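>>> Prediction below, plus the sequence it came from.
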Amino acid sequence: MARITYIEHDGTKHEVDVKPGMTVMEGARDNGIPGIDADCGGACACSTCHVYVDPAWVDRLPPRDPMEQDMLDFAYEPDPERSRLTCQLKVTDALDGLVVQMPERQI
């Protein structure tokens, strides 16, 4: 299991264990974490699972593929360095300790 910390826009923290093989989005959905809507169910067809990755983790994640990059153009206030779609982040043991922060809203 990988422990992932989800931080709501207001600063409320949720630390949950997420099973390897799931996505960071599924970990939020399955644990009732508010702020990640995941309207498309993880198909990378929207931007409602957008988060800002903690700066310490940016270089430790796999790079964005072109589809994710395109969808981030529709996200609320995307950050060119820190924004990611959680449906595109597969959980592995290497993600133990990952910290992500939700934007003020999802669009």
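Alright, I've got the coordinates. In this text, all values refer to a predicted model and were calculated from it rather than measured experimentally.
>>> do you know how far the most centrally placed residue in the chain is from residue 63?
Centroid check for the chain by C-alpha atoms, centre = their mean gives residue 86 as the closest residue, at 3.0 Å. Distance, residue 86 to residue 63, by C-beta to C-beta, to the nearest Å: 16 Å. C-beta here means a position set from N, CA and C on the backbone, and glycine is covered the same way.
>>> Same check on residue 35?
As judged by C-beta to C-beta, residue 35 and residue 63 stand 24 Å apart.
>>> Give me the more crowded residue out of those two.
Neighbours were counted for residue 35 and for residue 63 using other C-beta atoms under 10 Å; residue 35 has more, 23 against 7.
>>> which residues touch that one?
By C-beta atoms under 8 Å, 6 or more residues apart in numbering, the contact set of residue 35 is 6, 8, 9, 28, 102, 103, 106.
>>> Which secondary structure element is home to it?
Counting by DSSP states H and E, no helix or strand carries residue 35.
>>> What residues are bridge-paired with residue 18?
Going by DSSP bridges, residue 18 is paired in beta bridges with residue 2.
>>> you'd agree it is up against residue 4?
Yes. With contacts counted by C-beta atoms under 8 Å, residue 18 reaches residue 4, the gap being 5.3 Å.
>>> Find residues that contact each of those two.
Shared contacts of residue 18 and residue 4, defined by C-beta under 8 Å, 6+ apart, are found at 24, 27, 91, 95.
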